[in-house]
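Visitor: Quick one: sequence plus predicted model below, questions after.
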Amino acid sequence: MDSVGTTGELERIFVTQRNLRIVHCQNCVSFNDTHVDILASCCPKLESLCLTGCIYVTGSSFPRLLAECKHLRTLLLSCTRLRNSSIMRTDWSRVSLTELDISYCYGIGEAGLMEMLPKLTQLRYLQLSFCGWGRALSDEVMKAMSQSYYQKLDSLDIHSSFNITGDTLCKFVRRCPGLTTLCVGSAIASNEDLEALLTGLHNLKHFYITKQATIKTETVFTYVKRFCHRIETLALYNFYAVTRHRVEEALIELVEACKFLKVLCIRGTNVPLRTELAHMANKVKNCAKRNDIEISRRPHFLLSGAKLCLDSVVKNSIFPT
């Protein structure tokens, strides 16, 4: 839905749809907390709710939503006005969410995440980028989460999170043995942290990192080659090449060693990784005999998104089991 009428009209629609399992209301500016309350009362079998971009949703109806919709697995709330107070009043242990997106929710703070995330240990997909203006996700939140194992966590995006240190992130990642997709942004700030992070991520397929002053481009290539043999997509943002031949050598070794690597996105900031990237890419592909790989500046979205959502159903033409 991209718009809704009066609450009475919506209630008349949903009262006849008690078997409804997926509701998609992306960018529906007229959708608000009253409508969420109607969903909670009319759709007990609801499994997936997308409210992305619904700017008048604050979460005040979430206590009832989670109490009534016990089968809810996917909750996509990016760019809503979800408030800390709403999170604190909600019993997050009532449901076993597997997919959660609260990116770009500016009203969330550290206390809200502390109340929510440690209870959601069944998550498969977690999108937290720029949550609370990038300040909500903190070392304290990640330490609380690290008290449990997140065995099913497959995709994690924490880019533009400015209150976490590399050491705390590394400790949490060790509690996520199934992680295949990781967007860390600038949370990793040293070679030591990068090595510690990648050492335990042997199943990693998709990795996104933003440049920090002490990490060289060739170092990223070397560590990924050493620890992440299953890597398929690698994205480096704001990196530069101080010594071009070292970057080329490390890149050739990476491409030769990682046979599953298909996409390498390098959004460089200096000449070798901007205007000369195409020439460098051709040289690397020729030397490594790998014409099947894409090396470019083209932005690449690493996270495939939620699985239990309308887009997935339409794409696959079947309802996920």
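Guide: Sure thing, it's come through.

Visitor: Now stretch 239-247: average pLDDT?
Guide: Stretch 239-247 shows a mean pLDDT of 78.

Visitor: now do the same end-to-end measure for it.
Guide: Distance across stretch 239-247, first residue to last, is 11 Å (C-alpha to C-alpha, to the nearest Å).

Visitor: Now do the same contact list for the closest residue to residue 190 other than its chain neighbours.
Guide: Nearest non-adjacent residue to residue 190, counting by C-beta to C-beta, 6 or more residues apart in numbering: residue 214, 5.3 Å away. Using the backbone N, CA and C atoms, a C-beta is placed for each residue, glycine as well. Residue 214 sits next to 189-191 when contact means C-beta atoms under 8 Å, 6 or more residues apart in numbering.

Visitor: Run through the helices of the chain in chain order.
Guide: 7-14, 33-42, 62-68, 84-88, 110-116, 139-145, 166-173, 191-199, 217-227, 244-257, 277-288, 310-316 (DSSP state H).

Visitor: could you dump the ones you listed to TSV with distance to residue 205 and mean neighbour count?
Guide: Output for the helices of the chain, formatted as TSV (distance: least, C-beta to C-beta, whole Å; neighbours: other C-beta atoms under 10 Å):
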stretch	distance to residue 205	mean neighbour count
helix 7-14	39	14
helix 33-42	35	20
helix 62-68	32	19
helix 84-88	31	18
helix 110-116	26	20
helix 139-145	22	20
helix 166-173	14	20
helix 191-199	13	19
helix 217-227	11	21
helix 244-257	15	18
helix 277-288	19	16
helix 310-316	18	13
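
Visitor: Dump these to CSV, plus distance to residue 182.
Guide: Below are these laid out as CSV (distance: least, C-beta to C-beta, whole Å):
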stretch, distance to residue 182
helix 7-14, 38
helix 33-42, 31
helix 62-68, 28
helix 84-88, 25
helix 110-116, 18
helix 139-145, 14
helix 166-173, 7
helix 191-199, 8
helix 217-227, 12
helix 244-257, 17
helix 277-288, 24
helix 310-316, 21
